[in-house]
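>>> What follows is a protein structure lacking sequence information:
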């Protein structure tokens, strides 16, 4: 019963199988082989438009290089106050952008609030160099806490971005989970709502290490090959990422994996709701379930072989005396049986 | 007959097999799992000492982060005038070190010359800030042009480094090929000769993307976890690199692959020597053969289905009128039959 | 009646006179001349110990390079939530440190709170790379809002720094004002209380552009000449900064200027206290007076020829309906007559 | 008899006088005061067009920030192989551009050769990320060795720049000396010949520390205020630089100073030509005279109280056995009497 993180899971057998299929023969290095090109075209089909695609291998690289593309000196990135980019990337966005700052914006349930965003941007008067200049807005879809922006919410944020001349980035480390939750298409969830660049994550959803920076307007992507190389993120045997994506998109594996993970989260949430000893911190939309319980219950779960992370700050206000907030993450590798064993323990 | 580069080959079946074996189950993310630890220990055995090991996925990352570890403001890196780090890494060493410069040092047959190195370092007087300060020396083993430093040559260079208080880095993108060529041990070829940090490459020798930064004195590696994260090179599912190394070291696969590649290069060189139309530019030590021929012969090879790169600058002085210099690279995937078909064409 | 900022004042006549005196003749460039050396020695006398001194010309450079000296990858700088370094330096500390982040720490009256600092540092577990690593603590003396740390408060903060192995930096843009307010010595206010590096500002106190980075342990300053050069902050005619400091220290000009500015602030605060229409936001220690008044009064002042800045965020909670918070800054150039004319308007 | 460097001279009395005149009263900080604006307009008059002007205080800052404005990731700057930017700026251009590299281009007499430039740029094929991408061309006017580009030579280089879509920067640390040598106007020597950005130096020609980045097309300068602030090069009391320029341009002081320095160099060169023991390494155009003599003669000069720098590499091929190459620099502060005393010694 491992709900620690979707990146604790390994790779889906179809991904491994794809690597085996592509391991023979010779292919042009550095992203110029046939399979690289074919997968790039597949992205265009999936996004229903010409897009520029750049493979990298970590979500942090995808986010940081997306920001580097938007780069402005003294730049300020607006993202949720608890975004991965702000809290968990060890200074990479700052480093790979030459010192841009991440400015936390408040918002309920892990989503950047439109009014709070407007207010935050207005704090930076044009041409007042001392505070730096707004550079980009980044939203995380699905969010860090398992919720999802609705299409209207994305559109509202992009409207604010347009008004201030700022590009909108989507950190899609759990893109597929959000897509499945909204039952929509990549086009609807991104450029049709004004998203300019996506960190398209596949690692957490069944790949070993496959992420893509998808730039909706290829004309804006001119410098990306050099940004990626300069950060040492261009792979010689690039086909090993392409092969992962090839399998990922084949027969809708990516959507199946995401739907499965979401369903497992919903099932787990159901067990939480039925239990007298647990309560949901908030309703999960995607594949993360945040649950409040007493320390003793948490200990019992641990003793019972359940792996999870506790998630203290910044939601302490939700907790009563002696209570903890725990995060349970599901993935393609989670089984109904595991979830139900969890249910038995907490029943 | 693909001799374009050893990074045009895919992955050895044993590497792919290892990924399949490790794809199931859950493992702690970000390099803290059992297999990560076990492979790190394996490196210690192989190097016959306690070393600090950091997995990355591109050789450029290994080189650049090694330099970042040595970092000094206004720093100058001394390497061969045609080193990969100087000519082929798109500014990554400069970027990831905050602007260090790569200073090309001459030397015959792709090797940094000891006297030229001494002279180059002396051009930078202590405390003369305008020119920057010496920061590190980097040698490539095997070199960019398929030659290998002898153990004595390495020792001589490290002596110069010691005299100037500079760390010695080895770009080991083709470490195994050099090791096989010298028929020595990793310890003898590195720290016993004064090497401080190694970019230990496995990608070109049968892995998908497996490189390790090996720091001989773990006490010097304190900042590396942060340097790696800051550059977005820490992998969540780190075990997929560890698994590659696990298979790479099992049953001496790495040495077998390297010996095979070197033997194929020697066989190819033999065909060159026998041919009246070709000549060796220099004797190959490892898995690259540089050959001089007339343009017509090169065209004939291409027409015959042989893939290779031409290698114009900076060896033009070796060429007669109408001649070209071509590079042929062998790998674990090269077959005797391919090499001999090449031999038939040029015979 | 210009109370906009102490950097709106020009230069003290003695400073200008010193530049005239030193403008003739030839002197070794780049900080190696006799006067540079002599002024460096003067700093040692003033600090009662051997210190390393580096002239720069902006406070932002002094702060940013001080941080660059402390640099750790993924580094986090702890300073007050409203510190200049965090709010007003346009990304320079981030840029010149390769992406370090400034982490705001709360504390009453502009001072970093010792407990809040301890708590903030503890949020960064050792070796947890995702959040980066603590790198330095910076306090501003006098603070951004005209208060001053007591010697005991400085000692308490430095104790926390020691406990966590962090260097303590003092942003002394208004060093002399703080010194005058405490009626103490530079040694007592810095290294005797555990301060490691000082941005020693003279610009706001009567110079044109004279700042010095003072490193208490010269052995820690090895890289600073290169850091300064790399950031393009080494002056060829460095004596023009040295000459400013020469005059600044002669006959205690610096202390006289600071005492005068502080006295003018106290006099202005007296007028505020006597006025029925104004109140002090807090008691000023140095040369800045923060005053609450109604918008109409502020307009009246403006109409009467008084220059000042309003200071909205983040002290809104101090304000009643229709009230504003205004900042009045005094300097060496402020006259009693000006202050008293202000007093007449608000009486 | 100090011919060590034009930056060993202090400031012209008129410059010092201007600082005195402007030292009283209050002025808006950070470059927004009346005098800042007035001097910016003066630059427009001098350049006969609307230009964007940014004051800084070191030539290295002017050069590095000019390059930062042109910035492209993985960028390569083409300049003369012995340009200041490449040899003497301690990594500042590299640092402030995020790792751009300076690529030395050969050319006779200190000038970038047009053909060599074309050839150098062509070494970087479009979209070949491994080598980085061309980013800018920089020429030094007057050159490091006292020669000057003719207007036609500048035009020829800018034509090459246009052909490759590269901006052309002029390092004008000795701009006035070149202008005086060519007896032309700033407009003719810059934008009318295709120069896009100038580092307009005044420090070496009689100021304390006054440099300006002049961007010919203000529309291209949008990010410069943030670049300058981010590098900590925005001055609070910016008027002290403006005041220097104010005096510099008044009554053609700048041209008078430059003509004087050039005349002194010509006079000194005349003494060299008349001497049997010395010879000119090449004919000086501006205010630097490079002279070949035997070591004994150099020692005699030193003993006689003449200050100069020897200039060993890279002109060793000009020297006979036992000969040295020495540089003599004149400035506004050089007197005829000094030059003639030099003449007497070498006669």
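In hand now; what should we look at? Values in this document were obtained by computation on a predicted structure and should not be read as measured data.

>>> and residue A:139, helix, strand or coil?
Assigned by DSSP: H, G, I helix; E, B strand; the rest coil, the conformation of residue A:139 is strand.

>>> Distance check, it against residue B:173.
39 Å (Cβ to Cβ, to the nearest Å). Placement of C-beta: from N, CA and C, glycine included.

>>> same question, residue A:333
34 Å.

>>> With neighbour numbers in mind, choose between the two.
Neighbours were counted for residue A:333 and for residue B:173 using other Cβ atoms under 10 Å in any protein chain shown; residue B:173 has more, 28 against 22.

>>> and residue A:79, which of the three is it?
Relying on three-state DSSP, one would call residue A:79 strand.

>>> and the residue nearest to it when sequence neighbours are not counted, what are its bridge partners?
Leaving aside its sequence neighbours, residue A:79 sits nearest to residue A:138 (Cβ to Cβ, 6 or more residues apart in numbering or on different chains; 4.2 Å). Note on residue A:138: beta-bridge partners by DSSP bridges are residue A:169.

>>> Count the neighbours of residue A:138 for me.
Count around residue A:138 with other Cβ under 10 Å applied: 27.

>>> how near is the spatially most central residue of chain A to residue C:347?
By Cα atoms, centre = their mean, chain A has its centre lying nearest to residue A:173, at 2.1 Å. Residue A:173 sits at a distance of 63 Å from residue C:347 (criterion: Cβ to Cβ).

>>> With residue A:298 instead?
In terms of Cβ to Cβ, residue A:298 sits 65 Å off from residue C:347.

>>> The two: which is more packed in?
The residue with more neighbours, out of residue A:298 and residue C:347, is residue A:298; 19 against 12, by other Cβ under 10 Å.

>>> give me phi/psi at that one?
phi -60, psi -40 (degrees, to the nearest 10).

>>> Check residue A:135 too.
Per degrees, to the nearest 10, the backbone of residue A:135 is at phi -130, psi -40.

>>> Which of the three states applies to residue A:324?
Classification of residue A:324 by three-state DSSP places it in strand.

>>> Which strand residues bridge it?
residue A:293.

>>> can you tell me which residues contact it?
A:292, A:293, A:294, A:295, A:298, A:310, A:312 (Cβ atoms under 8 Å, 6 or more residues apart in numbering or on different chains).

>>> hang on, the fourth one packs against residue A:321?
No - applying Cβ atoms under 8 Å, one finds residue A:295 not in contact with residue A:321, separated by 10.3 Å.

>>> The two: who's more crowded?
residue A:295 (11 against 5).

>>> Distance check, the residue in the stretch 151-300 of chain A positioned nearest to chain C against residue D:133.
Here the stretch 151-300 of chain A gets closest to chain C at one residue, residue A:231, 12.4 Å apart by Cβ to the nearest Cβ. Here the distance between residue A:231 and residue D:133 works out to 15 Å (Cβ to Cβ).

>>> Which of the two has more residues huddled nearby?
Neighbour totals were compared for residue A:231 and residue D:133, and residue A:231 leads with 30 against 24 (other Cβ under 10 Å).

>>> doesn't residue B:95 make contact with the more buried one?
Yes - taking contacts as Cβ under 8 Å, residue A:231 lies within contact range of residue B:95: 6.8 Å.

>>> Would you mind giving the domain segments of chain A?
For chain A, the structural domains run A:13-252, A:253-346, going by automatic domain parsing.

>>> Now do the helices in chain A.
Counting by DSSP state H, chain A has helices at residues A:13-22, A:34-47, A:59-69, A:84-87, A:92-96, A:114-122, A:151-164, A:175-182, A:186-189, A:224-230, A:239-249, A:253-274, A:295-303, A:336-346.

>>> Please convert those to CSV, extending it with distance to residue D:152 and mean pLDDT.
Supplementary listing: the helices of chain A in CSV, determined by distance: least, Cβ to Cβ, whole Å; pLDDT from 0 to 100:
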stretch, distance to residue D:152, mean pLDDT
helix A:13-22, 57, 96
helix A:34-47, 47, 97
helix A:59-69, 40, 98
helix A:84-87, 52, 94
helix A:92-96, 43, 95
helix A:114-122, 50, 97
helix A:151-164, 47, 98
helix A:175-182, 58, 98
helix A:186-189, 55, 98
helix A:224-230, 34, 97
helix A:239-249, 52, 97
helix A:253-274, 62, 98
helix A:295-303, 80, 94
helix A:336-346, 79, 95
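
>>> Which of those sits closest to chain D?
Of these, nearest to chain D by Cβ to the nearest Cβ is helix A:224-230, at 3.9 Å.
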